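Visitor: Here's my sequence, what's the structure:
(chains A and B)
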2 protein chains.
Amino acid sequence: MANPHLADLGRRARAAARVLALAGAAAKDEALRCAADSLEQAAPALLAANAQDLARSEASGVAPAALDRLRLDERRVASMAAGLRAVAGLADPVGEIVEGWVRPNGLSVRRVRVPLGVIGIVYENRPNVTSDSAALCLKSGNAVLLRGSASAIGSNRAVAEALRAGIEKSGLPGDAVLLVEDTDRHTVEEFVRLEGVIDCLIPRGGHSLVSLVREKATVPYVIDGDGNCHVYLDRSADPAMAEAIVVNAKTQRPSVCNAVETLLVHAEVAPTLLPRIAAALEEVELYGDEAACRLVGRAKPAGEEHFATEFLDLRLAVAVVEDLDAAIAHIARYSSGHSEAIVTSDLAAARRFTREVDAAAVLVNASTRFVDGGELGLGAEIGISTQKLHARGPMGLRELTSLKLVIEGDGQVRQ
Amino acid sequence: MANPHLADLGRRARAAARVLALAGAAAKDEALRCAADSLEQAAPALLAANAQDLARSEASGVAPAALDRLRLDERRVASMAAGLRAVAGLADPVGEIVEGWVRPNGLSVRRVRVPLGVIGIVYENRPNVTSDSAALCLKSGNAVLLRGSASAIGSNRAVAEALRAGIEKSGLPGDAVLLVEDTDRHTVEEFVRLEGVIDCLIPRGGHSLVSLVREKATVPYVIDGDGNCHVYLDRSADPAMAEAIVVNAKTQRPSVCNAVETLLVHAEVAPTLLPRIAAALEEVELYGDEAACRLVGRAKPAGEEHFATEFLDLRLAVAVVEDLDAAIAHIARYSSGHSEAIVTSDLAAARRFTREVDAAAVLVNASTRFVDGGELGLGAEIGISTQKLHARGPMGLRELTSLKLVIEGDGQVRQ
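Guide: Below you'll find the predicted structure:
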């Protein structure tokens, strides 16, 4: 390995992972609570470091939205500490016996949930990712190697140091949380090639980071991809329910991956439903296909690019479709495989939609905004996977584990 | 995509995958049975094509072991057909509801097993991989894209054509099984980068193929890695059981990944146990550490490389270890994470070994040779994963699926 800093962190992470893998739930929960206390106590130092990051970023012309993500205040520090305590309250996934059986020859077999080992996270400038990731990795018995952006390095260092101090105080190794201090662009490329160190890499960032991971990574990874989500209003949709779901899915929090980006409306009901929904989406800019533009005067013409885009803001693409088949075909063409919803009162349509649409989550008569670990009762999440291997949908504690076969006998040999 | 042949196959595989994903178990089983019949009927053509492959390979100086893997005869064709029928008899994994619950707001949530889509297989010269892989992929509702070696291209083409004819006769798309006819070395590099086509790549081959996949692949993959397996004989091991397990694990079939490659013996019992076992392993070449060589005159001195090697033949490395800790440390250093066994009558030692050893399978008082999908009751396998993401250990039908969240409500929106 070319980079001695990474090599050193890698060795320390693996050593910590061996200890964490065997730590009981009580010890891990105590470590999380100590880390939360330590973070709160370190708030002044943390805010000071963050102020320096902010000043540096502002001077270098970083956009206001990015500055907002970087900014910490008392409330956000408290929320990070609360997050650590909330994870302490979740059930420990490690040691769960997922299934077990006995073979005809008397061998007993069970599959036991075990930690992955070392989780690598590459992320951008939100310092809360440092503590959120650390909490979920620690609780699931994994060490975490964090590589945040240069713009947040001071904040991340302060957060990581506070967490490490708290964890050490509890008796578990501080190296459970390790921050890569070298924020040179090339470090990311070395980071994603830490074979034998990183058991699972989770890139949390935009397209360029995901492309870099796909091209360069030699360690196993899970992609937290785009959410180009659709809501399809079936011929039989209840108009009030349709309106409420579309408004919620688009406007309740437009900047997140489970917000809706394209509305599909059955041609038979579009003449009444579409104007009603457009009126309810006053603040939303609409891009419609020809039929939608005829029905909604203020809609702008939509091109291919509008249907392919995850807007993440108050814009919505709209298309009128002939029938359920056309809706499913549109979704198959443009979906990023995140969350897809139908509003219908027709059982056959609901069954077809849930079977035929290929996505991490399919919803019937509910807002796409529910596709979130917390909302589904799965606990905090480290991301939402849009790939099909290992984890699909919200990635919580369980998705940070693997399974081990434990096979017990009385001297059985194979014939 | 540069290669029009691959682009065409990719489009056809995706189209077939959409049909297969919705096919019921009865239709898939009928397709497998028709494919088996078709394979048997095609036996003469298949053997003729294989004879040509063999003649070409022999002329180009291919090693006898490789020629044997390539060779088909009546018996092997019958065994491929029997394999297809056996997979037809396995339970369909698709549609299984893995778990489900209701949220306080009335949303009902379930996780449903769904096919991955298109499975890509890169393999070497065994034509039976063509039919074995096709069977498991079809049964799990996936299309398969196969890229075998140039040496077996005639045999693979004959097998794939027979399977396709049988599947088509049953009414499912023949494109469920697609063979890459272009066996140029560079095609592999293009194959592992078929983003948007291949949902899961399974390389079945040696180190150079695995390295190529790690370096070049941009599609998700699962590595079927080495098996540098250990058996540790604890101080409390029953001598007769210890002997039987070591002999079975080493000699019952030395050429496979779940055979043992290193024997570790507790220092206290080594003076009696090791000579006994060495006597029972007459035909096995032994490489011992200093202590082992003192106890077994015929053992040759073992170097680092012997402990690090997956011999896959009648050689065995042997080390005497001070205690359980030393055994666990040795395994942590050299294990490839496949299968690790302890022979002991001490409950505490068994508990520590199963918890602390990090491998796909850990065994107590049983031969490592049991780590196999069929032996564990998991059905046929497409490989044994030594990675921790997605699949660990034997990969059967279930490991060829993903999960989909299905969320049903009555108009719920997020607050």
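
Visitor: A:Ile407 should be in a strand, yeah?
Guide: Yes: under DSSP: H, G, I helix; E, B strand; the rest coil, A:Ile407 falls within a strand.

Visitor: Neighbours of it, how many?
Guide: For A:Ile407, the neighbour count with other Cβ atoms under 10 Å in any protein chain shown is 25. C-beta coordinates here come from the backbone N, C-alpha and C atoms, glycine included.

Visitor: Now do the contacts for it.
Guide: Counting by Cβ atoms under 8 Å, 6 or more residues apart in numbering or on different chains, A:Ile407 makes contact with A:107-109, B:361-364, B:366, B:370-371, B:376.

Visitor: Kindly reformat those residues as CSV containing distance to B:Ser140.
Guide: Below are those laid out as CSV (distance: Cβ to Cβ, whole Å):
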residue, distance to B:Ser140
A:Leu107, 25
A:Ser108, 27
A:Val109, 21
B:Ala361, 22
B:Val362, 27
B:Leu363, 27
B:Val364, 31
B:Ala366, 28
B:Phe370, 24
B:Val371, 21
B:Leu376, 18
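
Visitor: Quickly find the element holding A:Asp68.
Guide: Counting by DSSP states H and E, the element that carries A:Asp68 is helix A:64-70.

Visitor: Distance from that helix to the middle of the chain?
Guide: Centroid displacement of helix A:64-70 relative to its chain, using Cα atoms, centre = their mean, to the nearest Å, is 19 Å.

Visitor: do the same with stretch A:259-267
Guide: Distance, centroid of stretch A:259-267 to centroid of chain: 23 Å (Cα atoms, centre = their mean).

Visitor: And for stretch A:379-390?
Guide: What separates the centre of stretch A:379-390 from the centre of its chain is 6 Å, taken as Cα atoms, centre = their mean.

Visitor: do stretch A:297-305 as well
Guide: Mean-position distance between stretch A:297-305 and its chain equals 30 Å (Cα atoms, centre = their mean).

Visitor: quick one: buried residues of it?
Guide: Residues of stretch A:297-305 classed as buried: A:299, A:302 (neighbour count, 16 or more other Cβ atoms under 10 Å in any protein chain shown).

Visitor: Determine how far the last residue of it lies from the first.
Guide: Its start and end residues considered, stretch A:297-305 measures 21 Å (Cα to Cα, to the nearest Å).

Visitor: could the contacts of A:Ile407 be laid out in JSON lines, adding secondary structure and neighbour count?
Guide: Listed next are the contacts of A:Ile407 as JSON lines, based on DSSP: H, G, I helix; E, B strand; the rest coil; neighbours: other Cβ atoms under 10 Å in any protein chain shown:
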{"residue": "A:Leu107", "secondary structure": "coil", "neighbour count": "22"}
{"residue": "A:Ser108", "secondary structure": "strand", "neighbour count": "15"}
{"residue": "A:Val109", "secondary structure": "strand", "neighbour count": "22"}
{"residue": "B:Ala361", "secondary structure": "strand", "neighbour count": "29"}
{"residue": "B:Val362", "secondary structure": "strand", "neighbour count": "25"}
{"residue": "B:Leu363", "secondary structure": "strand", "neighbour count": "32"}
{"residue": "B:Val364", "secondary structure": "strand", "neighbour count": "22"}
{"residue": "B:Ala366", "secondary structure": "strand", "neighbour count": "31"}
{"residue": "B:Phe370", "secondary structure": "helix", "neighbour count": "26"}
{"residue": "B:Val371", "secondary structure": "coil", "neighbour count": "29"}
{"residue": "B:Leu376", "secondary structure": "coil", "neighbour count": "20"}
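
Visitor: So which of these is the closest to B:Arg12?
Guide: Nearest to B:Arg12, judged by Cβ to Cβ, of the contacts of A:Ile407 is B:Leu376 at 35.0 Å.

Visitor: Tell me the bridge partners for the residue lying closest to the closest one once chain neighbours are set aside.
Guide: Using Cβ to Cβ, 6 or more residues apart in numbering or on different chains and skipping the chain neighbours, the partner closest in space to B:Leu376 is A:Val109 (5.6 Å). Note on A:Val109: beta-bridge partners by DSSP bridges are A:Trp101, A:Ile407.

Visitor: Check which helices and strands the lowest-mean-pLDDT helix or strand in chain A is in contact with.
Guide: Sorting the helices and strands of chain A by mean pLDDT, DSSP states H and E puts helix A:64-70 at the bottom, at a mean of 89. Packing partners of helix A:64-70 (3 or more Cβ pairs under 8 Å, 6 or more residues apart in numbering or on different chains; DSSP states H and E): helix A:43-59.
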